[in-house]
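> sequence plus the predicted model coming up.
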Amino acid sequence: MKCANHPENSAFASCNHCGKGICRDCSAEFKGESYCGECLAIKQGRPKKHERSPVLAAILSFIISGLGQFYNGQPAKGVLIFLTSFLIFPWALGIIDAYKVAEKINRGEIKSERKTGCLIAFAAAIVVFWAVVFFLVILAAIAIPKAVDMRLSANENAVEEIVKTISGAIEEYASEHNGIYPQNESDLVNADPAYLFQAYDKRSVNGYNFSVKLEAGGYTISALPEDCDVTGRKIFTMIKGGALTVGDCSGEQKGEAE
């Protein structure tokens with residue numbers, strides 16, 4: 001007959017209470033009779049020291065990955081499962097493992113002592129971890145929109161200055177040519193000295209597409225975001241005389257004359 005807890009060992013005796021075979025490691029004497037560890041605990045009226053609840057172990061691992069392993073007295077395995085739980089499979093495997101290990105502990109196949117301090121420390125660490133994650137999420141929810149607003153504002157301010165620079169160059173040209181406006185940007189760029197250092201028509205600058213329409217009697221400069229709400233939210237239009245109109249690329253219009 002083999003030992004019920006250690007099949008690789010031959011039975012030394014039979015438990016006087018449940019009758020299962022037990023080896024020397026499992027046998028315990030009480031009043032001249034042999035008992036297995038579980039039956040001895042019952043005989044002496046004391047709780048089974050190492051008993052675990054498989055269901056509770058599985059539930060703990062379901063709620064917090066790795067917690068069931070801490071409950072079973074296997075903190076190193078619990079930490080490993082927790083750190084890899086984002087892969088999903090280790091989390092599911094941890095639930096099954098917690099349940100089966102608890103059963104093995106109860107059968108005496110695995111010797112384990114409940115490390116309550118480790119369990120509490122791990123649970124506290126998890127609470128702190130998720131509190132920090134929650135705080136960072138809230139912080140990101142506040143900081144990211146502000147960073148986006150700052151970037152868009154910087155784009156818009158730079159583009160507005162460019163529009164004003166182009167208009168200023170055109171107006172200066174007209175004032176020096178008897179009120180006649182240039183009909184091509186090359187008249188501004190190639191002049192000596194140059195009124196404008198580069199051409200902007202049909203070009204993209206700072207996330208904005210520029211259009212410069214020139215006629216002898218006036219001009220229209222426009223700058224539109226390449227991607228509304230991503231590279232900018234304002235539409236800039238300037239006409240003869242330096243009159244600037246600012247619109248909203250999402251459809252809401254607002255005017256501003258300068």
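Thanks, I have it. Numbers count the residues shown, from 1 in each chain.
> does the spatially most central residue of the chain count as helix, strand or coil?
Per CA atoms, centre = their mean, the C-alpha nearest to the average position across the chain is that of V137, at 7.9 Å. Using DSSP: H, G, I helix; E, B strand; the rest coil, the structure places V137 in helix.
> any figure for the gap between W130 and C39?
43 Å (CB to CB, to the nearest Å). C-beta here means a position set from N, CA and C on the backbone, and glycine is covered the same way.
> give me the more crowded residue out of those two.
The neighbour comparison of W130 against C39 (other CB atoms under 10 Å) goes to C39, with 21 against 11.
> thought the more buried one was touching I22?
No - using CB atoms under 8 Å, C39 makes no contact with I22, being 9.4 Å away.
> how near is the residue lying farthest from the centre of the chain to A13?
Within the chain, the residue lying farthest from the chain centre (CA atoms, centre = their mean) is G32, at 63.5 Å. Note on G32: its distance to A13, by CB to CB, is 12 Å.
> do A191 as well
Counting by CB to CB, the gap from A191 to A13 is 112 Å.
> and the two? Which one has more around it.
Neighbours per residue (other CB under 10 Å) separate A191 from A13, with A13 holding more: 18 against 14.
> partner residues bridging the more buried one?
Beta-bridge pairing of A13 under DSSP bridges involves I22.
> kindly report the same for T245.
Bridge pairing for T245 - DSSP bridges - gives T237.
> isn't it right up against M238?
Yes - counting by CB under 8 Å, T245 touches M238, with 7.4 Å between them.
> of those two, who's got more company?
M238 (24 against 16).
> gap between that one and I170?
9 Å.
> joint contacts of the two?
Counting by CB atoms under 8 Å, 6 or more residues apart in numbering, the residues touching both M238 and I170 are I221.
> mind listing the helices for the protein?
For the chain, applying DSSP state H gives helices covering 37-43, 54-63, 67-71, 75-84, 89-107, 116-175, 185-189.
> between these, which one is nearest to C249?
Proximity to C249, assessed across those by CB to CB, is greatest for helix 116-175 (10.5 Å).
> let me see the mean pLDDT of that closest one.
Taken as a whole, helix 116-175 carries a mean pLDDT of 86.
> check the offset of that helix from the chain's centre.
How far helix 116-175 lies from its chain's middle: 16 Å, per CA atoms, centre = their mean, to the nearest Å.
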